[in-house]
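Engineer: Sequence first, then the predicted structure:
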Amino acid sequence: MSLRPSERHLLLSQLAHCYGIEQTQLRCLTDNPEDGVYGFTRQRQDFVVKYTLETARSFSTLQGQVDWINFLAAHGALVSRPVPSQQGGLIEQLPINDTFVSVVCYEHVPGARPAVPTLTAEQWQIWGQTLGKLHALSTQYTPQPHGRIDHCCHPGYRYHRWSPVRPPQIPR
């Protein structure tokens, strides 16, 4: 299922409202707006926001992904952390016609994807160490029970927001 231009416009308007920005601040980060990956800058910090149609990825799957990323971050892994919306949710659900679109915002990580054939031995070493750390952490991870869904009303639309029951412990 893809969105019609009018639906995408409505979605981007709602999405911008959730993160306290103007719709004009959103810029598509891929060649295809239907990929649902946008960037924005707020208070001189860059973010990436991704929307997913309910038919492509379930809300429950997104809850698990956000929990996993927060676990990795809390244990020192270099990951792009999820960022709460203006209402405090890590996952926003926005209505479009008879379905919901889930939205997650992440910290933007600067840099570029390396061309794998041109990686140096040192870069392969760092990559291997990073994957090893992720693997080691995965043996310690226990999926959390899903959080609660708060039902909130905003002018002009109704949305749902997922808040973690137990916020992750961030090392200082």
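Structural biologist: Thanks, I have it. Numbering: from 1, shown residues only.
Engineer: Counting neighbours, what do you get for the closest residue to residue 85 other than its chain neighbours?
Structural biologist: Nearest non-adjacent residue to residue 85, counting by CB to CB, 6 or more residues apart in numbering: residue 18, 4.4 Å away. C-beta: built from backbone N, CA, C; applies to glycine. As a burial measure, residue 18 scores 20 neighbours (other CB atoms under 10 Å).
Engineer: residue contacts, residue 18?
Structural biologist: By CB atoms under 8 Å, 6 or more residues apart in numbering, the residues touching residue 18 are 85-87, 89, 92, 94, 103, 159.
Engineer: Would you quantify the distance from the residue nearest the centre of the chain to residue 78?
Structural biologist: The residue lying closest to the centre of the chain (CA atoms, centre = their mean) is residue 104, at 3.2 Å. Distance from residue 104 to residue 78, counting by CB to CB, to the nearest Å: 18 Å.
Engineer: Please apply the same query to residue 16.
Structural biologist: Noted for residue 16: a distance of 28 Å to residue 78, by CB to CB.
Engineer: Which one of these two is surrounded by more residues?
Structural biologist: The neighbour count for residue 16 versus residue 78, taken as other CB under 10 Å, is higher for residue 16 (18 against 10).
Engineer: what about residue 48, helix or strand, and which?
Structural biologist: Using DSSP states H and E, the element containing residue 48 is strand 45-53.
Engineer: how far does the next helix or strand after that strand sit from the chain's center?
Structural biologist: Once the chain leaves strand 45-53, the next helix or strand it forms, by DSSP H and E, is helix 59-74. Remark: helix 59-74 is offset 9 Å from the chain centroid, using CA atoms, centre = their mean, to the nearest Å.
Engineer: what's the angle from helix 59-74 to strand 45-53?
Structural biologist: 150 degrees (axes from the mean of the first three to the mean of the last three CA atoms, to 10 degrees).
Engineer: Could you shift the numbering so residue one becomes 613, and keep it that way?
Structural biologist: Yes, from this point I'll number from 613; that puts the last item at helix 671-686.
Engineer: could I get helix 671-686 in CSV with only the CA atoms?
Structural biologist: Taking Å, rounded to 0.1, in the frame of the first residue of the first chain, the C-alpha atoms of helix 671-686 are listed here in CSV:
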residue,chain,number,x,y,z
PHE,A,671,3.4,-1.5,15.9
SER,A,672,4.6,-4.4,18.0
THR,A,673,7.7,-5.0,15.8
LEU,A,674,8.6,-1.3,16.1
GLN,A,675,8.2,-1.4,19.9
GLY,A,676,10.7,-4.3,19.9
GLN,A,677,13.1,-2.4,17.6
VAL,A,678,13.0,0.7,19.8
ASP,A,679,13.6,-1.3,22.9
TRP,A,680,16.5,-3.2,21.3
ILE,A,681,18.2,0.0,20.2
ASN,A,682,17.8,1.6,23.6
PHE,A,683,19.3,-1.5,25.2
LEU,A,684,22.3,-1.3,22.9
ALA,A,685,22.8,2.4,23.6
ALA,A,686,22.5,1.9,27.3
